[in-house]
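Student: I'd like to go over a predicted model; first the sequence, then the structure.
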Amino acid sequence: DTAVSQTPKYLVTQMGNDKSIKCEQNLGHDTMYWYKQDSKKFLKIMFSYNNKELIINETVPNRFSPKSPDKAHLNLHINSLELGDSAVYFCASSQHKGTQYFGPGTRLLVL
Amino acid sequence: AQKITQTQPGMFVQEKEAVTLDCTYDTSDPSYGLFWYKQPSSGEMIFLIYQGSYDQQNATEGRYSLNFQKARKSANLVISASQLGDSAMYFCAMRGLNAGGTSYGKLTFGQGTILTVHP
């Protein structure tokens, strides 16, 4: 009965590879988000989708491409991974402008 | 632009005592929401409490209360009767509530405060 789930929980990969992180929410929310938490624990918004439409796109490299096949899913694809991409990526969801609920996070380590 | 400042990198409290975690904010949005999240060592982000900028009363959720002082732009979290399980990093965050505003939809986080509860 997990509300916001992410897969995988851990991701270790080589520089230059392409990887995807998946997110699903069963809360019936209409808005989903991706946040990045860096090594200093600072959290920053990357993207937001409302009803499958991109509404927030912060200054994120083009190598990051979100995709929302439906309201319950928001995936994040990263091309040509770099060392600086190592971080924890959190998916979150909310009903419109309500409280955002976070997934467990995906710990990405680029070697 | 929004800014959240948490000036306490770390706080210590004795079990069963109360503790206040500071948060100040800056925004040009006329309407906004303030949030506190807890991140234990296991890494998940847990929502604790919410305060709307136009709410007349300070928010409370069990042992958590939010001391909202709009004129001072502060939204401090008060945890009463601290428990060992309260040891975690705590984040203050805000978002604009007006559609079309630059801060609409996205949470802006502070740097976090690590709380350690001693037995």
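Tutor: Looks like it arrived, so ask away.
Student: Now A:G84: phi and psi?
Tutor: For A:G84, the backbone dihedrals are phi -70, psi -10 (criterion: degrees, to the nearest 10).
Student: Near it, how many other residues are there?
Tutor: The tally of other residues near A:G84 (other C-beta atoms under 10 Å in any protein chain shown) stands at 10. For every residue, glycine as well, the C-beta is placed using N, CA and C.
Student: what pLDDT does it get?
Tutor: With respect to pLDDT, A:G84 scores 95.
Student: which residues touch it?
Tutor: A:G84 is in contact with A:V110, counting by C-beta atoms under 8 Å, 6 or more residues apart in numbering or on different chains.
Student: now B:E15
Tutor: Per C-beta under 8 Å, 6+ apart, neighbours of B:E15: B:82-84, B:117-119.
Student: excluding its backbone neighbours, what's nearest B:S28?
Tutor: B:A1 (7.5 Å; C-beta to C-beta, 6 or more residues apart in numbering or on different chains).
Student: mind checking the SS state of that neighbour?
Tutor: Assigned with DSSP: H, G, I helix; E, B strand; the rest coil, B:A1 falls in the coil class.
Student: how near is it to chain A?
Tutor: 12 Å (C-beta to the nearest C-beta, to the nearest Å).
Student: Check B:S65 too.
Tutor: The value you get for B:S65 to chain A, if C-beta to the nearest C-beta is used, is 17 Å.
Student: For that residue, grab phi and psi.
Tutor: According to degrees, to the nearest 10, B:S65 has phi -140, psi 150.
Student: follow-up on the earlier one: among the contacts of B:E15, name the buried ones.
Tutor: With neighbours counted by 16 or more other C-beta atoms under 10 Å in any protein chain shown, the contacts of B:E15 contain buried members at B:82, B:117.
Student: among the contacts of B:E15, which are in strands?
Tutor: B:117-118 (DSSP state E).
Student: could I get the contacts of B:E15 as JSON lines with pLDDT and distance to A:H29?
Tutor: JSON lines is the format used below for the contacts of B:E15 (pLDDT from 0 to 100; distance: C-beta to C-beta, whole Å):
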{"residue": "B:S82", "pLDDT": "98", "distance to A:H29": "32"}
{"residue": "B:Q83", "pLDDT": "98", "distance to A:H29": "30"}
{"residue": "B:L84", "pLDDT": "98", "distance to A:H29": "33"}
{"residue": "B:V117", "pLDDT": "98", "distance to A:H29": "33"}
{"residue": "B:H118", "pLDDT": "97", "distance to A:H29": "38"}
{"residue": "B:P119", "pLDDT": "95", "distance to A:H29": "39"}
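Student: Determine which two of the contacts of B:E15 are furthest apart.
Tutor: Using C-beta to C-beta, the contacts of B:E15 span at most 11.4 Å, a distance reached by B:Q83 and B:H118.
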